[in-house]
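K.L.:
Predicted model and sequence follow; I will ask about them next.
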Amino acid sequence: MKILKKIAIVLLVALVIAQFFGPEKNEGDITSVATFLAETNPPENVRKILSESCFDCHSSSTKYPWYNNITPVNYWLNDHVKDGKKHLNFSDWSTYSLKKKEHKMDELYEEVEKGEMPLNSYTWTHSEANLTQEQIAEMVSWGKSVQADYKQQMNAQ
């Protein structure tokens, strides 16, 4: 029993010390998505969905919940954000080629339509990010429209 007590104390001390360290936060300026918003011109309802359900993991500006201050949760959240930005980063929209923008819009509305985005692990703690069927339909319609615009621009080149 004495050894278990020592192990528990060591683990507790390690956990307390770990609280002083954490990954770098993804806290850029939310205006970093301005190019994307200006170029794709989403209606207000879609803009709200993007803000509540997408930008935290797919832009350079994450609004962190209080529990992000707890290690190891902050590392887990950081991995989610890094992975999300690897697949699609609205803050980097101006650097994407026309072909990449067209493809990303296709992926965006398909992921939403299939219910794969936003992730369940995100909506558990962000109930406002849960999409209704009406919101999904709005996102898909807007996404298809933007994708068609990009296809038309590519064909005109």
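P.N.:
Yep, that arrived.
K.L.:
what residue ranges in the protein score low on pLDDT?
P.N.:
In the predicted model, the chain carries pLDDT under 70 at residues 1, 14-23, 25-31, 67-68.
K.L.:
Would you point out which residue is most central in it?
P.N.:
The C-alpha lying nearest the average C-alpha coordinate of the chain belongs to Cys57 (C-alpha atoms, centre = their mean; 1.9 Å).
K.L.:
and the residue nearest to that residue when sequence neighbours are not counted, how many residues sit next to it?
P.N.:
Closest residue to Cys57 apart from its sequence neighbours, by C-beta to C-beta, 6 or more residues apart in numbering: Gly84 at 3.2 Å. For every residue, glycine as well, the C-beta is placed using N, CA and C. The local packing count at Gly84 equals 22, with neighbours defined by other C-beta atoms under 10 Å.
K.L.:
just checking, what's the longest helix in the chain?
P.N.:
The longest helix of the chain (DSSP state H) is helix 133-156.
K.L.:
Now do the buried residues in that helix.
P.N.:
Within helix 133-156, the residues that qualify as buried are Gln135, Ile136, Glu138, Met139, Trp142, Gly143, Val146, Gln147, Asp149, Tyr150, counting by 16 or more other C-beta atoms under 10 Å.
K.L.:
Verify the stated contact: the fifth one with Glu44.
P.N.:
Pointing back at Trp142 there. No - the pair Trp142 and Glu44 does not pass the contact test of C-beta atoms under 8 Å, sitting 11.2 Å apart.
K.L.:
Show me which residues of the strand or helix carrying Leu11 are buried.
P.N.:
According to DSSP states H and E, Leu11 maps onto helix 2-18. Within helix 2-18, no residue counts as buried by 16+ other C-beta under 10 Å.
K.L.:
And the contacts of that helix?
P.N.:
Outside of helix 2-18, the residues that reach it under the criterion C-beta atoms under 8 Å, 6 or more residues apart in numbering are Thr71, Pro72.
K.L.:
packing partners for the longest helix of the chain?
P.N.:
helix 44-53, helix 98-113 (3 or more C-beta pairs under 8 Å, 6 or more residues apart in numbering; DSSP states H and E).
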